[in-house]
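In: The following comprises the amino acid sequence and a computationally predicted model.
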Amino acid sequence: MVKKNEVLESKSKFLKKVYNIPMTDCIFFEGYHDQLGYGQFQFRYNGAKKNTAAHRASYIIATQEELTTEDVIMHSCDNPSCINPQHLSKGTHNDNVQDRVRKGRSAVGVKNGNHKLFGL
């Protein structure tokens, strides 16, 4: 788990990798993104390589809060590449699931990977 002081010490490196997305309020992390589109922030702390999700780093920098491994940082904009602190909020896994259901993004019916197509 990445600690608050580790991220805050690398704040200037992080801020060099951000830019506004035109015509939106989203802020994009310029750097590596995983297969789901989440930015990954890699830095060194005391000589060791550290890695964390860019939106988690952005939340820590903006709020100065320590995050636990149970804390989930949710996007109100539903853009995984966004790191705008105004679009981020802390919650639990359950909060994130409820948000997904409320927004109609759950994998139900044919969107579910376990769905069996009948009649083919």
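Out: That came in fine, so what should we check first? Numbers count the residues shown, from 1 in each chain.
In: Tabulate the CA atom coordinates of the helix or strand of the chain with the lowest mean pLDDT in PDB.
Out: When the helices and strands of the chain are scored by mean pLDDT, DSSP states H and E, helix 93-102 comes last with a mean of 86. What follows is helix 93-102, C-alpha atoms only, in PDB (Å, rounded to 0.1, in the frame of the first residue of the first chain):
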ATOM      1  CA  HIS A  93     -16.500  -1.300  -2.300                       C
ATOM      2  CA  ASN A  94     -20.300  -1.500  -1.500                       C
ATOM      3  CA  ASP A  95     -20.700   2.300  -2.200                       C
ATOM      4  CA  ASN A  96     -19.000   1.700  -5.600                       C
ATOM      5  CA  VAL A  97     -21.300  -1.200  -6.400                       C
ATOM      6  CA  GLN A  98     -24.400   0.800  -5.400                       C
ATOM      7  CA  ASP A  99     -23.100   3.800  -7.600                       C
ATOM      8  CA  ARG A 100     -22.700   1.400 -10.500                       C
ATOM      9  CA  VAL A 101     -26.200   0.000 -10.100                       C
ATOM     10  CA  ARG A 102     -27.700   3.500  -9.700                       C
END
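In: List the buried residues for that helix?
Out: residue 99 (16 or more other Cβ atoms under 10 Å). Bear in mind the C-beta positions are built from the backbone N, C-alpha and C, glycine included.
In: what do you get for stretch 58-71?
Out: 58-61, 67.
In: just for the chain, where's the confidence low?
Out: 106-120 (pLDDT under 70).
In: Noted, bye for now.
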